[in-house]
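okay, here's the prediction I keep looking at, along with the sequence it came from:
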Amino acid sequence: MAEFVMPSLGADMDEGILQEWLVSPGDRIAKGDPIAVVETAKSAIEVEAFETGTVGQLLVDPGTTVPVGGPLAVIEPAAAKSRPRKHARADAAVEHKKAVARPTRAGRARASAAGVEPGTAPAAAAASADGGHAEAGPLIRHLAEQRGINLQTLQGSGSGGRVTRADIDRSAGTAGRPPRVRATPLARRLADELAVDLGTLTGTGQHGAVRAADVRKAGGATAHRAPPPPGAAPAPAPAPTPPRSALGTTGARQAIAGLMARANREIPHYYLATTIDMAAATDRLHEHNRHRPPSERLLPAALLLKAAALAAREVPDLNGFWTEERFTPGDGVHLGVAVSLRGGGLVAPALHDADRLGLDELMAALKDLVGRARGGRLRGSEVSTATLTVTSLGDQGVETVFGVIHPPQVALVGFGRVVDRPCAVDGLLGVHPQVTATLSADHRATDGVIGARYLTAVDRLLQHPEEL
């Protein structure tokens, strides 16, 4: 038996709400299959299975808030001989207790995202055999580092002594913050729209969770107050309700603000910019699209992203993470693409192995990723694995953008609008399409020389699009 736990879906995530189960006890699952939908401060995300097996027991009901690293379900490994579905829950309950004391190898591998090796005693869980070095994934190590916490001193509260983000919060003295009100995702959205304080409501849902009906009832009571008696001073007019776009993104805005403020405060940024001639790239784009239907045409974004990915492979010092006062290279070039959401807010899901995708494949993957990001159908593997983020505001008319690095990454690439500008080429004055490319980089991991090499590689690739 092994536990499926609440994954870390970003450096700014402390907890998530289990919104929906996509599987039932007894279902066979393969590694990478979406098995649950988790709501974070930014969006709803499909969480994928970490291994192949059979769903044994679902430990958490929909609508429950669970800290990162907290158990969600019990999974029977694929090698285990499954029993009839009617016995699955009983067997899982027994094996779950055993798994706490004696986890499987797969469980230990997955626990790195939660911070420590499961199955060890709490005092020893934070250290490994090499002399006390705490085993933790990049995001957990980054969180402990930025709060000045020594992982070796933590007593894990998770199963088998696993250290969770709640343990880090308690160690940092932040556990005393007001508890999050238990409520369904729909109830939270309605509360935002109707300006209802969830903390004042008594939930009628399972385990006291506030339901949409509770919010509607409270909102209706506020909107239909009895008129004042004759002669009494009229009640003050209610404050106008902010538009949905301003209300529905409060949590996302707070999460983004917290992460970016921390990044600006803790990461010593340096910035570089260069202007790139896009004449050759634009000609190649027109030639490629000439005889294709609109649905199959390439956009300039495909060329920019491919150039950014190939340059990252060429200059790998900018492709990875800064944790524990050292740089950890990425296991591939996974470009985080900044996507603005329709209701407001921002996410940066990853295009995996972008350097290996052909232009047509990359364009299709980009359309699919943006569509699912705006539709709330992202997968967990897409929101927590980016090694380098790219942002572009060219479609908004912006010519230059200097971004803030998304920790624990060490760089962010920005592209502006492709603009026709006068320029001198081979001693002659002409007008060429040009784009401004920028780099925001972490001075702890690299310096201006490495950053300049990266932008020079991007420039060369876009001026020789046959290399893309």
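Looks like it arrived, so ask away.

quick one: the helices in the stretch 301-450 of the chain?
359-374, 380-383, 448-463 (DSSP state H, counting those that start in this stretch).

I'd like the ones you listed as JSON lines, with mean neighbour count and mean pLDDT appended.
C-beta here means a position set from N, CA and C on the backbone, and glycine is covered the same way. Output for the helices of the stretch 301-450 of the chain, formatted as JSON lines (neighbours: other CB atoms under 10 Å; pLDDT from 0 to 100):
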{"stretch": "helix 359-374", "mean neighbour count": "17", "mean pLDDT": "94"}
{"stretch": "helix 380-383", "mean neighbour count": "23", "mean pLDDT": "89"}
{"stretch": "helix 448-463", "mean neighbour count": "18", "mean pLDDT": "98"}
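
who wins for proximity to Ile168 among those?
helix 380-383 (20.0 Å; CB to CB).

ok, residues contacting that closest one?
Contacts to helix 380-383, defined as CB atoms under 8 Å, 6 or more residues apart in numbering, come from residues 7, 9-10, 32, 38, 45-48, 347-350, 352, 369.

which one of those residues is nearest to Thr204?
Using CB to CB, the contacts of helix 380-383 come closest to Thr204 at Val38, 23.6 Å.

for Glu46, see how far away that closest one is.
Distance, Val38 to Glu46, by CB to CB, to the nearest Å: 8 Å.

cool, Leu304 as well?
For Leu304 relative to Glu46 (CB to CB), the value is 28 Å.

same thing with Pro71?
Between Pro71 and Glu46 the distance is 19 Å, computed by CB to CB.

what of Val418?
Counting by CB to CB, the gap from Val418 to Glu46 is 34 Å.

show the pLDDT at the residue nearest to Glu15 when sequence neighbours are not counted.
The shortest distance from Glu15 to any non-neighbouring residue, by CB to CB, 6 or more residues apart in numbering, is to Pro67 (4.7 Å). For Pro67, the pLDDT comes out at 92.

isn't Pro67 up against Met6?
Yes: the pair Pro67 and Met6 qualifies as a contact (CB atoms under 8 Å) at a distance of 6.6 Å.

what is in contact with those two at once?
Taking CB under 8 Å, 6+ apart as the criterion, Pro67 and Met6 both touch Glu15.

between these two, point out the one with more neighbours.
Met6 (27 against 20; other CB atoms under 10 Å).

run through the residues that contact that one.
Counting by CB under 8 Å, 6+ apart, Met6 touches Glu15, Gly16, Leu18, Val38, Val66, Pro67, Val68, Gly69, Gly70, Pro71, Leu72.

mind listing what's buried along the host helix or strand of the fourth one?
Val38 is located in strand 34-39, with elements delineated by DSSP states H and E. By 16 or more other CB atoms under 10 Å, the buried positions in strand 34-39 come out as Pro34, Ile35, Ala36, Val37, Val38, Glu39.

packing partners of the helix or strand that that strand is followed by?
As assigned by DSSP H and E, the chain's next helix or strand after strand 34-39 is strand 44-48. With contacts defined as 3 or more CB pairs under 8 Å, 6 or more residues apart in numbering; DSSP states H and E, the packing partners of strand 44-48 are strand 34-39, strand 378-379, helix 380-383.

contacts for the longest one next, please.
This points to strand 34-39. For strand 34-39, the surrounding residues in contact (CB under 8 Å, 6+ apart) are 4, 6-7, 9, 16-23, 29, 44-49, 55, 72-73, 185, 379-380.

among the residues you listed, which ones are buried?
Among these, the ones that count as buried (16+ other CB under 10 Å) are 4, 6-7, 9, 16-19, 21, 23, 29, 44-49, 55, 72-73, 185, 379-380.

in stretch 204-212, what counts as buried?
Buried residues in stretch 204-212, defined by neighbour count with 16+ other CB under 10 Å: Gly205, Ala209, Val210, Arg211, Ala212.

of the contacts of Met6, closest to Gly451?
Gly451 has its nearest neighbour among the contacts of Met6 in Val68, at 32.5 Å by CB to CB.

what about that closest one, neighbour count?
Should you count by other CB under 10 Å, Val68 turns out to have 25 residues around it.

pull up the distance across stretch 2-11, start to finish.
Start-to-end span of stretch 2-11 (CA to CA, to the nearest Å) is 25 Å.

please state the offset of that stretch from the chain centre?
The chain centre lies 12 Å from the centre of stretch 2-11; the measure is CA atoms, centre = their mean, to the nearest Å.

and what of stretch 414-422?
Centre-to-centre, stretch 414-422 and its host chain are 29 Å apart (CA atoms, centre = their mean).

show me which positions of it end up buried.
Under 16+ other CB under 10 Å, the buried positions of stretch 414-422 are Gly414, Phe415, Gly416, Arg417, Val418.

what's in contact with it?
Contacts for stretch 414-422 (CB under 8 Å, 6+ apart): 275, 278, 282, 300, 304, 390-395, 397-403, 429-440.

isn't Ala273 right up against Val435?
No: at 10.9 Å, Ala273 does not count as touching Val435 under the criterion of CB under 8 Å.

include distance to Leu201 when you put the helices of the stretch 301-450 of the chain into a markdown table, please.
Putting those into a markdown table (distance: least, CB to CB, whole Å) gives the following:
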| stretch | distance to Leu201 |
| --- | --- |
| helix 359-374 | 30 |
| helix 380-383 | 30 |
| helix 448-463 | 51 |
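
figure out which of the ones you listed is closest to Leu335.
helix 359-374 (9.3 Å).

does anything pack onto that closest one? Which helices or strands?
Helix 359-374 is packed against helix 300-314, strand 335-337, strand 339-340, strand 350-351, with contacts defined by 3+ CB pairs under 8 Å, 6+ apart.

list the buried residues for the longest strand seen in the chain?
Longest strand in the chain, counting residues (DSSP state E): strand 428-442. Neighbour-count burial for strand 428-442, counted by 16+ other CB under 10 Å, picks out His432, Pro433, Gln434, Val435, Thr436, Ala437, Thr438, Leu439, Ser440, Ala441, Asp442.

just list the residues touching the nearest residue to the second one once chain neighbours are set aside, thanks.
Spatial nearest neighbour of Pro433, excluding adjacent residues (CB to CB, 6+ apart): Met278 at 4.3 Å. With contacts taken as CB under 8 Å, 6+ apart, Met278 has the following neighbours: Pro300, Val418, His432, Pro433, Gln434, Val435, Leu462.

so who does Gly376 touch?
Applying CB under 8 Å, 6+ apart to Gly376 gives the contacts Ser43, Ala44.

let's see that with 10 Å instead.
Gln19, Val37, Glu39, Lys42, Ser43, Ala44, Ile45, Glu46, Pro185, Leu341, Gly343, Val347 (CB atoms under 10 Å, 6 or more residues apart in numbering).

can you give me the helices for the stretch 151-300 of the chain?
Going by DSSP H, counting those that start in this stretch, the stretch 151-300 of the chain shows helices at 165-171, 185-194, 212-223, 244-247, 250-266, 279-289, 300-314.

among the ones you listed, which is nearest Ile149?
Among these, the nearest to Ile149 by CB to CB is helix 165-171 (5.1 Å).

lovely, talk soon.
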